[in-house]
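Student: sequence first, predicted model second:
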Amino acid sequence: MRLKPEKIEHLAGIIFEALAAQRELELAEGRDKITALIRKAIADDFKAEDEIEVEAHRLLEAFKDDIQRKGASYEKLFNKAKQKLARERKMVL
């Protein structure tokens, strides 16, 4: 799922507010710096997921003929490959 920049900005604000509300947590930077870091973390996560999707497609491409011949679901195999790659990279999708 991809998010519009406005939605990412909104989520970053919500996350910042949740962090700022924690009495046990003292923020060493201001709102702008922290929300920028949160936005970057979200963008980096989307980039990593995109890379996993490209790799999963590349892996399945080698078996494209077998997949078609056996009538297997490309989508199911793609999702399994994507999940396996994510686990290997210690990512949660």
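Tutor: Now that the structure is in, tell me what you want to look at.
Student: from here on, just use CA atoms for contacts and neighbour counts.
Tutor: Noted.
Student: measure residue 57 to residue 17 for me?
Tutor: Going from residue 57 to residue 17 by C-alpha to C-alpha, to the nearest Å gives 38 Å.
Student: okay, those two: which has more neighbours?
Tutor: residue 57 (17 against 13; other C-alpha atoms under 10 Å).
Student: the strand or helix carrying that one - what's its average pLDDT?
Tutor: Assigned by DSSP states H and E, residue 57 belongs to helix 31-61. For helix 31-61, mean pLDDT rounds to 95.
Student: so which helix or strand takes in the nearest residue to residue 74 once chain neighbours are set aside?
Tutor: Spatial nearest neighbour of residue 74, excluding adjacent residues (C-alpha to C-alpha, 6 or more residues apart in numbering): residue 67 at 6.9 Å. Taking DSSP H and E as the definition, residue 67 sits inside helix 64-70.
Student: residues in contact with that helix?
Tutor: 73-74 (C-alpha atoms under 8 Å, 6 or more residues apart in numbering).
Student: list the buried residues of the helix holding residue 57.
Tutor: Within helix 31-61, the residues that count as buried by 16 or more other C-alpha atoms under 10 Å are 34-35, 38-39, 42-43, 46, 48-49, 52-53, 55-57, 60.
Student: counting neighbours, what do you get for residue 30?
Tutor: Using other C-alpha under 10 Å, residue 30 has 10 other residues around it.
Student: how near is it to residue 20?
Tutor: To residue 20, residue 30 is 10 Å away according to C-alpha to C-alpha.
Student: no more questions from me, cheers.
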